[in-house]
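Asks: the following comprises the amino acid sequence and a computationally predicted model.
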Amino acid sequence: MAKVAIVGVGAIGGVVAGLLQTAQAHEITLCTRRPLTSLTVATPEGPVSVSFHNATDPSQTHPVDWILCATKTYDAASAAKWFPGLSGPQTKLAVIQNGVEHRENFAGLFAEDRILPVVIDVPAERRSDSDILQRAGALLRVENTALGANFAALFAGTKANVELVDDFLTAVWAKLCINSAGVISALTLKPAGILRDEALGEVALGIIAECVAVGRAEGAKLDDETGARILAGYRAGSPDSINSLLADRLANRPTEIGARNGVILRRAALHGIPTPLNAMAVALFNGMVG
Ligand SMILES: NC(=O)c1ccc[n+]([C@@H]2O[C@H](COP(=O)([O-])OP(=O)(O)OC[C@H]3O[C@@H](n4cnc5c(N)ncnc54)[C@H](OP(=O)(O)O)[C@@H]3O)[C@@H](O)[C@H]2O)c1
């Protein structure tokens with residue numbers, strides 16, 4: 001049995017809460033900014049109703065074994081306000097977010113040697129505060145370390161597929177390559193089917209190629225077929241699929257453009273790599289949304 005607190009009970013935090021619930025072994029605390037009386041996750045295997053304590057203020061929390069943070073990347077500082085009340089000397093923090101800056105985003109906000117970055121692949125939506133839709137199975141990737149193994153053990157007996165990977169750097173950059181092309185949907189305000197267009201497919205390949213070049217400079221092992229594979233994946237997938245950058249833009253919410261394409265520019269600058277397509281995409285996006 002572990003004491004687990006989730007900060008960021010949106011689509012991903014909700015899915016993770018549902019998975020932990022099915023382990024039937026943990027004490028779950030959901031830290032939310034509004035009171036939450038129930039949480040149901042519609043999973044591919046059927047609905048899961050989560051049993052939890054709800055904290056709506058850090059003063060209502062107690063130390064736990066694991067904090068799972070699944071806010072958007074730009075909410076790291078506000079999420080960290082929960083950490084002191086939830087932390088004891090052994091408390092560990094799993095950062096379940098997109099991007100490649102899991103540790104950087106929480107540097108100075110939590111003990112760095114107890115931070116575990118997590119990459120999650122699962123299509124999920126929050127239909128309301130208490131109603132999460134999980135469209136398919138969840139794959140979580142973590143570093144193959146003692147901390148990673150401890151995290152994986154939380155999900156023993158659940159439908160979660162938790163992979164301990166030796167080359168986590170490559171895993172995060174491979175995911176970033178996929179996400180980088182999503183900016184085209186967010187710019188055109190059209191779902192993933194827009195990448196079936198020949199000209200925009202070429203643009204996507206260019207955006208991904210820049211991400212591959214920067215990722216390689218950072219040490220990720222990304223092969224020359226990465227772009228073609230990703231574009232084929234987008235084209236084979238549902239044309240109606242809406243990525244979170246587009247969803248956030250449509251809903252007039254803050255977006256993760258900085259964590260998805262902005263980071264490519266920032267890291268490229270360190271290596272002297274030109275990234276004109278990502279630079280234009282970020283400038284256009286910020287110009288339209290800003
Ligand atoms: N959705 C997907 O399918 C998916 C797939 C893979 C990866 N991801 C990544 O996973 C991460 C989470 O995405 P998401 O889709 O789950 O986002 P989301 O649905 O917007 O959920 C974020 C949650 O964080 C909460 N939050 C923000 N600041 C908080 C604070 N200070 N205290 C407590 N709660 C706080 C928000 O609460 P409020 O309602 O109060 O704002 C919201 O419930 C992102 O990095 C995303 O890119 C998402």
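Replies: That came in fine, so what should we check first? What you see is a predicted model; the values in this text were computed from it and never measured.

Asks: who are the neighbours in contact with the nearest residue to Ala228 once chain neighbours are set aside?
Replies: Nearest residue to Ala228, sequence neighbours excluded (Cβ to Cβ, 6 or more residues apart in numbering): Leu205, at 7.2 Å. Yep, even glycine has a C-beta here, placed from its N, CA and C like the rest. Contacts for Leu205 (Cβ atoms under 8 Å, 6 or more residues apart in numbering) come out as 227-228, 231.

Asks: after whatever helix or strand Leu205 lives in, which helix or strand is next? Please name it.
Replies: Here Leu205 sits within helix 198-218, counting by DSSP states H and E. Counting by DSSP H and E, the next helix or strand C-terminal to helix 198-218 is helix 226-236.

Asks: can you tell if the helix or strand following that following helix touches the ligand?
Replies: Using DSSP H and E, the helix or strand that follows helix 226-236 in sequence is helix 244-250. Yes - contact of helix 244-250 with the ligand (Cβ under 6 Å from any ligand atom) involves Ser244.

Asks: do the same with stretch 60-69
Replies: No - residues of stretch 60-69 are not located near the ligand by Cβ under 6 Å from any ligand atom, the shortest gap being 8.8 Å.

Asks: with stretch 118-135 instead?
Replies: Yes - contact between stretch 118-135 and the ligand, assessed by Cβ under 6 Å from any ligand atom, occurs at 120, 122-124, 126.

Asks: pick out the most distant pair among these.
Replies: By the measure Cβ to Cβ, Ile120 and Arg126 form the most distant pair in the residues of stretch 118-135 next to the ligand, at 14.6 Å.

Asks: more crowded one of these two?
Replies: Comparing Ile120 with Arg126 by other Cβ atoms under 10 Å, the one with more neighbours is Ile120, at 20 against 16.

Asks: that one - that's part of a helix, no?
Replies: No - applying DSSP: H, G, I helix; E, B strand; the rest coil, one finds Ile120 to be strand, outside a helix.

Asks: roughly how far does it sit from Ala199?
Replies: Computed with Cβ to Cβ, to the nearest Å, the distance linking Ile120 and Ala199 is 32 Å.

Asks: and what of Gly272?
Replies: 29 Å.

Asks: for Lys242, give me its contacts.
Replies: No, residue 242 isn't Lys; it's Ile. Contacts of Ile242 by Cβ under 8 Å, 6+ apart are 185, 191-192, 250.

Asks: in the protein, what residue comes closest to the ligand?
Replies: Gly10 (1.7 Å; Cβ to the nearest ligand atom).

Asks: if we can go back for a sec, pull out the buried members of the contacts of Ile242.
Replies: 185, 191-192 (16 or more other Cβ atoms under 10 Å).

Asks: out of those, which touch the ligand?
Replies: Within those, nothing lies near the ligand by Cβ under 6 Å from any ligand atom.

Asks: can you put these in TSV and add secondary structure and distance to Phe83?
Replies: Output for those, formatted as TSV (DSSP: H, G, I helix; E, B strand; the rest coil; distance: Cβ to Cβ, whole Å):
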residue	secondary structure	distance to Phe83
Ser185	helix	34
Pro191	coil	36
Ala192	helix	36
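
Asks: nearest to Gly290, of the residues you listed?
Replies: The closest of these, once distances to Gly290 are taken by Cβ to Cβ, is Ser185, at 18.5 Å.

Asks: beta partners of Glu163?
Replies: Glu163 has the following beta-bridge partners by DSSP bridges: Arg141.
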